[in-house]
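K.L.:
build the 3D model from these lines:
(2 chains)
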Amino acid sequence: MKTYRNYVATWVMLFLACLASLLFGAGTLELGQAFAVLTGQGTEDARFVVMELRLPRLVIGMATGLALGVAGALLQTLTRNPLAEPGLLGVSAGSAFAVSLAILLGASTATLTTLISQVGALAGCGLVVAATRIQGAGQDPVRLVLAGATLTGLLLSLSSLLMLIDQRAADEIRFWITGSLAGKRWDQLTATMPSLLLAGAIVVGVARPLASLALGEKVAMGLGHKPGLIRLMVIVAVALLVGGATALAGPLVFVGLVVPFVARSLAGADIRKTLWLCLPIGPAMIIAADTLSRLLVTPSEMPLGVITAVIGAPVLMVIIRARRIPAL
Amino acid sequence: MPNPLFVAKSLLVSLVLAATFTNAAAHADTRIVQTAYGPVSIEGTPKRVVTLYEGALDAAIASGINPVGAIITRGGSDVAEYIQPKAKGVGIVGTPGETNIEAVIALKPDLILASAQLAKEQYNLLSRIAPTIVPNFPAFTPTTWKQETRLFTEALGRAETGRKVISGVENKIAEVAKLVDAKLGPDQRETALIRWMPQGPLVMSEGLFSASLLEATGFNVNSGGIVKEGRPHSHPLSQENLGLIDHQWVFLATLNADGDAALDAARESQAFQRLKANRADQVVTVNGQLWTSASGPLAATEILNDIANTIDNVAADR
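P.N.:
Sure, this is the predicted structure:
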């Protein structure tokens, strides 16, 4: 019964965030005007702002939040580490580096960027899993994050190096690398959608085996699953999700940490329940953060990545300072 | 018959006078110029000049002196494209934000021309290498470039040439202003100077060098009060607020070599498509290195040419 209430509460939160995202913005558009658009009226200008500027952001924000939340939950269950977050572990940085390289080499089409971003994320995932296999780092959650921070630092400095090579590309990279949903177009979403759907299909197939793997390799094997295959599938799904999200909104840290953390505190450690809760919480967090980003420094906008970091960093502290990091 | 004594006296006087003049000439070779960090004395004609500011490079070349070292332009990897043909072989010693002191030393300069933003610590280092000239005029005013050009050319021992160059630009401004007056009514001159990022526009300050030239030729540059005090160069704007810069004209500065490509990229955005200037086909793509980074008399001439060409195209269309 309690879980049921939680489900409803999170979906209501998402609905409120969506409403706020359509009603509030950096513009001079009045609240009443924006509301009129939602009821099918409103001036032409108001309709443009709400339907052409805010709605794409809302939908793309949903996709991004969904992808990052689910990817975080998967990665944390796989590594048995509540701090295993794609942004913190260098997966996002890997895909950001790949995209920076592509921009430098002249790439501009959304399709190409998505693919490159996902390849970069896959390489980042591979490094994370390799790091968990290292004696010590795998057992200690905080040490894994330190390894990830090192990797992130390395990749970000390599990205800076790329910016030094070509100033024009640097300009494009700099605006993208702070993370933002401003000015996103529908075609960027359609370019990313197939791979996100593929990732979704993998998640549906792998959720149950992953939950048994979380009980131990022997249990999983006893139930007829292949641990190696499960791991591979999860890594591919995480890479598709994080790469897709990064191609859409730039590298956003902490989303993959906060969303599963909240979901687990509502539903417990079972990955199947966590995933269900990540569906509304991830989009709600991104959409709320994006709405805030438009309101804080009008008439311009704050980078979305700054807001998610400001929300996420305290959560990381709380998890680390908790007397006992919950084992997954 | 003149008095021999008088002749002797006159001779003596002329000798003394001559000596005084020669002395004065020798002294004239030592100039004292007022800089942000106090008076600086410069002897003779500098042979190896290093410029740490685009406006200084421009002023030096305009007055006939080719610096041995300079910094790259914003958004480029060399000096600005407009001045490259005239600055062949110039050594690169840094970026607008960061000087490579060792590179400066390696060029063995006898004069360093810097920007008004040069920090005291940097000045202390540089002035040990060579006399360093840092202007101290209010930034982002329409006369800043003239004051700076005067200071730099004086330091270079080319004050006279400097004056001529400045009045040349003033004449050109008057010419272009006449063109604008002839072709555009007083209510058809509102414009904004922007760069377009996928997230939205970066609005350039009304006090920017190129914006002050647009103003001087009769355009009305209106950045909607976006660029705040203390952020004098540019400021990003949310796409929801494009109304603030929705004027008849938009000067679109681009860092791409190909201005049309930048315009096409901007037009992918629906918000950009809705701009009045876009619908009236009055978006003018201009070189970002020249329009948002450079300053000085040569840059002024190039920018004024761009404005004149824009006005000529208006005539062709109507």
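
K.L.:
the bottom helix or strand of chain A by mean pLDDT?
P.N.:
helix A:167-177 (a mean of 73; mean pLDDT, DSSP states H and E).

K.L.:
report the buried residues of stretch B:153-172.
P.N.:
Of the residues in stretch B:153-172, B:153-159, B:162-163, B:165-166, B:169, B:172 count as buried by neighbour count, 16 or more other Cβ atoms under 10 Å in any protein chain shown. Where C-beta positions appear, they are placed from N, C-alpha and C, glycine not excepted.

K.L.:
same deal with stretch B:32-44?
P.N.:
For stretch B:32-44, by 16+ other Cβ under 10 Å, it's B:33, B:35-37, B:40, B:42.

K.L.:
flag the shaky bits of the stretch 201-328 of chain A, pLDDT-wise.
P.N.:
A:323-328 (pLDDT under 70).

K.L.:
ends of stretch A:292-306, what's the gap?
P.N.:
Using Cα to Cα, to the nearest Å, one end of stretch A:292-306 lies 11 Å from the other.

K.L.:
ugh, typo on my part, it should be stretch B:173-191
P.N.:
For stretch B:173-191, the end-to-end distance is 18 Å (Cα to Cα).

K.L.:
how about residues contacting that stretch?
P.N.:
The contact list for stretch B:173-191 (Cβ atoms under 8 Å, 6 or more residues apart in numbering or on different chains) reads B:213-214, B:216-222, B:247-251, B:277, B:300, B:304, B:307-308, B:311-312, B:314-315.

K.L.:
of those, keep whichever come out buried.
P.N.:
Here, 16+ other Cβ under 10 Å leaves B:213-214, B:216-222, B:247-251, B:277, B:300, B:304, B:307-308, B:311, B:314 buried among the contacts of stretch B:173-191.

K.L.:
let me see the contact set for residue 144.
P.N.:
As the question left the chain open, I've gone with chain A. Per Cβ under 8 Å, 6+ apart, neighbours of A:Leu144: A:79, A:81, A:83-84, A:89, A:128, A:131-132, A:137-138.

K.L.:
correction: the question concerned chain B.
P.N.:
B:137-138, B:209, B:295.

K.L.:
residues of the stretch 101-250 of chain B that sit close to chain A?
P.N.:
By the rule Cβ under 8 Å from any Cβ of the partner chain, the part of the stretch 101-250 of chain B lying against chain A is B:197-200, B:224, B:226, B:235-241, B:243-244.

K.L.:
quick revisit: quick one: which of the contacts of A:Leu144 is most hemmed in?
P.N.:
Neighbour counts for these, by other Cβ atoms under 10 Å in any protein chain shown, peak at A:Leu89, which reaches 33 neighbours.

K.L.:
how close does it sit to B:Asn124?
P.N.:
45 Å (Cβ to Cβ, to the nearest Å).

K.L.:
just B:Lys88 next, same as before
P.N.:
According to Cβ to Cβ, B:Lys88 and B:Asn124 sit 32 Å apart.

K.L.:
so these two - more neighbours on which side?
P.N.:
B:Asn124 (11 against 8).

K.L.:
and the gap between that one and chain A?
P.N.:
27 Å (Cβ to the nearest Cβ, to the nearest Å).

K.L.:
then B:Arg128?
P.N.:
28 Å.

K.L.:
scan chain B for its longest strand.
P.N.:
For chain B, the strand with the greatest residue count under DSSP state E is strand B:190-197.

K.L.:
give the next helix or strand downstream of that strand.
P.N.:
Downstream of strand B:190-197, the next assigned helix or strand under DSSP states H and E is strand B:200-204.

K.L.:
count the residues that sit near the closest residue to A:Arg185 other than its chain neighbours.
P.N.:
Distance criterion Cβ to Cβ, 6 or more residues apart in numbering or on different chains; nearest residue to A:Arg185, sequence neighbours excluded, is A:Pro56 at 6.5 Å. Residues lying near A:Pro56 (other Cβ under 10 Å) number 19.

K.L.:
also A:Gly222?
P.N.:
11.

K.L.:
A:Ile320 too?
P.N.:
A:Ile320, neighbours per other Cβ under 10 Å, totals 13.

K.L.:
contacts only, for it.
P.N.:
Applying Cβ under 8 Å, 6+ apart, the residues contacting A:Ile320 are A:83, A:142.

K.L.:
now it: how far from B:Ala155?
P.N.:
A:Ile320 is 59 Å from B:Ala155, by Cβ to Cβ.

K.L.:
equivalent analysis for A:Ser180, please.
P.N.:
From A:Ser180 to B:Ala155 the distance is 45 Å (Cβ to Cβ).

K.L.:
please apply the same query to B:Gly75.
P.N.:
Counting by Cβ to Cβ, the gap from B:Gly75 to B:Ala155 is 28 Å.

K.L.:
sec struct for the residue sitting nearest the centre point of chain A, please.
P.N.:
When Cα atoms, centre = their mean is applied to chain A, the residue found nearest the centroid is A:Leu68 (2.3 Å). In three-state terms, and counting by DSSP: H, G, I helix; E, B strand; the rest coil, A:Leu68 is helix.

K.L.:
point me to the residue of chain B nearest chain A.
P.N.:
B:Glu240 (3.0 Å; Cβ to the nearest Cβ).

K.L.:
isn't that residue right up against A:Leu29?
P.N.:
Yes - contact criterion Cβ atoms under 8 Å: B:Glu240 and A:Leu29 qualify, at 6.7 Å.

K.L.:
quick check: neighbours shared by the two?
P.N.:
Counting by Cβ under 8 Å, 6+ apart, the residues touching both B:Glu240 and A:Leu29 are A:Val49.

K.L.:
list the contacts of the closest residue to chain B within the stretch 51-200 of chain A.
P.N.:
In the stretch 51-200 of chain A, the residue that lies nearest chain B is A:Ala182 (4.0 Å; Cβ to the nearest Cβ). If a contact means Cβ under 8 Å, 6+ apart, then A:Ala182 has A:57, A:301, B:199-200, B:238-239 as its contacts.

K.L.:
can you give me the helices for the stretch 101-250 of chain A?
P.N.:
A:110-133, A:141-165, A:167-177, A:186-213, A:217-222, A:227-249 (DSSP state H, counting those that start in this stretch).

K.L.:
deepest in the core, which of the ones you listed is it.
P.N.:
With neighbours taken as mean count of other Cβ atoms under 10 Å in any protein chain shown, these reach their highest mean count in helix A:227-249, at a mean of 25.

K.L.:
what angle sits between that one and helix A:186-213?
P.N.:
Here the directions of helix A:227-249 and helix A:186-213 differ by 150 degrees (axes from the mean of the first three to the mean of the last three Cα atoms, to 10 degrees).

K.L.:
for helix A:227-249, packing partners?
P.N.:
helix A:55-79, helix A:91-104, helix A:110-133, helix A:186-213, helix A:217-222 (3 or more Cβ pairs under 8 Å, 6 or more residues apart in numbering or on different chains; DSSP states H and E).

K.L.:
perfect, I'm done here.
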